[in-house]
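Q: Take this sequence and fold it.
(2 chains)
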Amino acid sequence: AQSVTQLGSHVSVSEGALVLLRCNYSSSVPPYLFWYVQYPNQGLQLLLKYTSAATLVKGINGFEAEFKKSETSFHLTKPSAHMSDAAEYFCAVTQNEGGKLIFGQGTELSVKP
Amino acid sequence: KAGVTQTPRYLIKTRGQQVTLSCSPISGHRSVSWYQQTPGQGLQFLFEYFSETQRNKGNFPGRFSGRQFSNSRSEMNVSTLELGDSALYLCASSGGQGGYGYTFGSGTRLTVV
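A: Now for the predicted structure:
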């Protein structure tokens, strides 16, 4: 069965500092992996996705993630945090199973001035 | 291109009542999936419809049902509401499977009193 683990339910960084949000997955076959961001009282916005074309994936708003099969990881990074990055971030996996995304528990990112 | 539209945005219902939520996908998308988001359980998959057929279903009781119309619009129904059904209900549409990606609506916030 597939699963996703996000390490750290809350991460706090200073403005301008590196953002690193961790995601590990479990899948018996090559997965499709996603990172979504959710602002308060909003839906989910896709940041980036891994579909096996390239292991380093660049997304919107300066975010990127690297797929590491040996570590079953798909960590999200951004070189320099901005106040507007404060939100909740979700990692998700699917195996092409008819619309079924398995989500991690989410990581709330706080950005201090 | 219009996004995924969910109506209503907010809803307050009484225990024992039933409720219907609506989702209009992105034009041309034939897959619509539904998720429940709560603080305790996180994001959980309810079901997915493709071309008016339920293609996948999560582990929810039979009180949760859905349907999809020929124009791909989808409705979700919850009968005999319980306090624990209070949640943000999110709908996502996709133009394909797996790595194609899923676009989410802003959600319907259901409060059961």
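
Q: near chain A, which residues of chain B show up?
A: B:4, B:6, B:31-33, B:35, B:42-43, B:45, B:48, B:50, B:55-56, B:58, B:90, B:92, B:94, B:97-99, B:101-107, B:109 (CB under 8 Å from any CB of the partner chain). In this view, the C-beta of every residue, glycine as well, is placed from N, C-alpha and C.

Q: let's see it at 6 Å
A: Within reach of chain A by CB under 6 Å from any CB of the partner chain, chain B has these residues: B:31, B:33, B:42-43, B:45, B:48, B:55-56, B:90, B:97-99, B:101, B:104-107.

Q: Among these, which ones are in helices?
A: Per DSSP state H, helices hold no members of those.

Q: Which members of those residues occur in strands, if any?
A: B:31, B:33, B:42, B:43, B:45, B:48, B:55, B:56, B:90, B:104 (DSSP state E).

Q: Now render these as JSON lines, adding pLDDT and neighbour count.
A: Output for those, formatted as JSON lines (pLDDT from 0 to 100; neighbours: other CB atoms under 10 Å in any protein chain shown):
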{"residue": "B:31", "pLDDT": "93", "neighbour count": "24"}
{"residue": "B:33", "pLDDT": "95", "neighbour count": "28"}
{"residue": "B:42", "pLDDT": "95", "neighbour count": "15"}
{"residue": "B:43", "pLDDT": "97", "neighbour count": "22"}
{"residue": "B:45", "pLDDT": "95", "neighbour count": "22"}
{"residue": "B:48", "pLDDT": "94", "neighbour count": "28"}
{"residue": "B:55", "pLDDT": "91", "neighbour count": "17"}
{"residue": "B:56", "pLDDT": "90", "neighbour count": "16"}
{"residue": "B:90", "pLDDT": "97", "neighbour count": "25"}
{"residue": "B:104", "pLDDT": "96", "neighbour count": "22"}
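
Q: Please give the centre-to-centre distance between whichever strand or helix holds residue A:13 and its chain.
A: Residue A:13 belongs to strand A:10-14 when assigned by DSSP states H and E. The offset between the C-alpha centroid of strand A:10-14 and the centroid of the whole chain comes to 15 Å, using CA atoms, centre = their mean, to the nearest Å.
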